[in-house]
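>>> model this:
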Amino acid sequence: MSSTELPGVRSTAEPSSLVGAAPVAEGERSRTVVLPGLELNFRVRPPLGTDLPPALFVHGLGGSSQNWSSLMGQLADTVDGEAVDLPGFGWSPPPADRDYSVTGFARAVIRHLDAAGRGPVHLFGNSLGGAVSTRVAAVRPDLVRTLTLVSPALPELRVQKGAVPTALLAVPGMAGLFSRLTRGLSAEQRTRGVTDLCYGDPSRVSPEGFRDAVAEMERRMRLPYFWEAMTRSSRGIVDAYTLGGQHGLWRQAERVLAPTLLVYGGKDQLVSYRMARRAAASFRGSRLLTLPEAGHVAMMEYPGLVADAFRELLRDTEDDEG
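Purely as a prediction, here's the structure:
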């Protein structure tokens, strides 16, 4: 999976015509990396110190690099962080090969790290991004210094009720049905549904944050490939859940060598809280942070607690290396 391709890098002054320029929070900037058949947008938080180790943040299904802004701000004094928009999401256009599988996303992350020479990085992943990051850490341990997974989408026998629509979306023909059923919903209604599903306490979303999320929802729904990206990515998750043998995600979790921090929310409606115990047993030498009041996006609800846990992992890792 290694790549020796040299990336092209351009600023958001030259965005993809399909996607538009990415808005960034104060203290952030964005950049676009172009590889053959692949264009990736990154949200970058310049570090508050020199020679800080690199970090890469990978969002979940339907999310974007924006999901990591709060945590990246918390860790600006600890890592040199950048958050990727996976192909077809955020401000990254679809991949040329239309591969939205977990392996396809992992390959995109690996190609970027190889081409940019940023590895090994502190790798963070949420939900789908957690599955992608697990695969990257398993197949390319040389690229991953530590691994932090927030509600990773790893196979469950009893799927959470909130995750059923994702599974249904993977069924051929369902995207058209979902599109028709939700056609009358406003961007505000759609956004409210997402926050109610993903947050343990939706009131933690600030009015400004909700307004920005509504604007982003309006933009996403205008993209011609929105349903394609959602449908094929959902199918990719389902396919990854059914893989067995050495390619199974739980088997790959057992192969991860990087020190690992696992974060699970007690009010997560998409990834079961009960999976925390299995994950802690599968990732060797891992540590577990459980947040009983958090939902599916603990790094957005409780960025300070997640940042503190990561710093503790980092300190202990550095002590062991010393």
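>>> list the contacts for the closest residue to Y225 other than its chain neighbours?
Of all residues not flanking Y225 in the chain, P94 sits nearest, at 5.1 Å (CB to CB, 6 or more residues apart in numbering). Using the backbone N, CA and C atoms, a C-beta is placed for each residue, glycine as well. Shown in contact with P94 (CB atoms under 8 Å, 6 or more residues apart in numbering): P87, G88, Y225, E228, A229.
>>> Could you look up the SS state of P94?
Following DSSP: H, G, I helix; E, B strand; the rest coil, P94 is assigned to coil.
>>> what's the pLDDT at it?
pLDDT recorded at P94 is 96.
>>> And it, how close does it get to A281?
Remark: distance between P94 and A281 (CB to CB, to the nearest Å) = 37 Å.
>>> next one: V84
29 Å.
>>> Just the mean pLDDT for stretch 236-251, thanks.
In the prediction, stretch 236-251 has an average pLDDT of 87.
>>> Sort out which residues of it are buried, please.
Judged by neighbour count using 16 or more other CB atoms under 10 Å, the buried positions of stretch 236-251 are G236, I237, V238, A240, Y241, L243, G248, L249, W250.
>>> And for the last one, nearest residue in space, chain neighbours not counted?
So that's W250. S282 (5.8 Å).
>>> thought that neighbour was touching E254?
Yes - with contact defined as CB atoms under 8 Å, S282 counts as touching E254 (5.4 Å).
>>> So between these two, which is more surrounded?
S282 (21 against 12; other CB atoms under 10 Å).
>>> still on that earlier bit, spit out the contact partners of the residue nearest to W250.
W250, A253, E254.
>>> cool, T290 as well?
Residues in contact with T290 (CB under 8 Å, 6+ apart) are V263, Y264, G265, G266, Y273, A276.
>>> from those residues, which would you call buried?
Judged by 16+ other CB under 10 Å, buried ones among the contacts of T290: V263, Y264, G265, Y273, A276.
>>> Model confidence score at the third one, please.
As summarised for this prediction, G265 has a pLDDT of 97.
>>> Show me what it is bridged to.
L291 (DSSP bridges).
>>> can you list the weak-confidence ranges in the stretch 101-250 of the chain?
157, 159-181 (pLDDT under 70).
>>> what about the strands in it?
For the stretch 101-250 of the chain, strands defined by DSSP state E, counting those that start in this stretch occupy the ranges 121-126, 144-150.
>>> For the longest one, enumerate the helices and strands it packs against.
Spelled out, it's strand 144-150. Helices and strands touching strand 144-150, by 3 or more CB pairs under 8 Å, 6 or more residues apart in numbering; DSSP states H and E, are strand 121-126, helix 128-139, strand 260-265, helix 303-321.
>>> 10 Å instead?
strand 54-58, strand 121-126, helix 128-139, strand 260-265, strand 287-291, helix 298-301, helix 303-321 (3 or more CB pairs under 10 Å, 6 or more residues apart in numbering; DSSP states H and E).
>>> Run through the bridge partners of the residue nearest to S92 when sequence neighbours are not counted.
In space, and not counting its chain neighbours, S92 is closest to D85: 4.0 Å by CB to CB, 6+ apart. Counting by DSSP bridges, D85 forms beta bridges with N41.
>>> residues contacting D85?
With contacts defined as CB atoms under 10 Å, 6 or more residues apart in numbering, D85 is in contact with 19, 22, 30, 32, 39-43, 58-59, 63-66, 91-93.
>>> Please report how far it lies from R43.
8 Å.
>>> sorry, back to before: what about the contacts of P94, which are in helices?
Among the contacts of P94, the members falling in helices (DSSP state H) are E228, A229.
>>> got JSON lines for the helices and strands packed on strand 144-150, with distance to A153 too?
What follows is the helices and strands packed on strand 144-150, written out as JSON lines (distance: least, CB to CB, whole Å):
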{"stretch": "strand 54-58", "distance to A153": "11"}
{"stretch": "strand 121-126", "distance to A153": "9"}
{"stretch": "helix 128-139", "distance to A153": "5"}
{"stretch": "strand 260-265", "distance to A153": "12"}
{"stretch": "strand 287-291", "distance to A153": "17"}
{"stretch": "helix 298-301", "distance to A153": "14"}
{"stretch": "helix 303-321", "distance to A153": "17"}
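>>> Tell me which residue is most central in this structure.
Nearest to the geometric centre of the chain sits H59, at 1.7 Å (CA atoms, centre = their mean).
>>> Tell me who's in contact with that residue.
By CB under 10 Å, 6+ apart, the contact set of H59 is 43, 65-68, 83-86, 89-90, 124-130, 132, 297, 299.
>>> Could I have the buried ones of the residues you listed as ChimeraX selection syntax?
Those of these that count as buried under 16+ other CB under 10 Å are selected in ChimeraX with:
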select :43,65,66,67,68,83,84,85,86,89,90,124,125,126,127,128,129,130,132,297,299
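>>> re earlier: between the buried ones among the contacts of T290, which is nearest V205?
G265 (15.0 Å; CB to CB).
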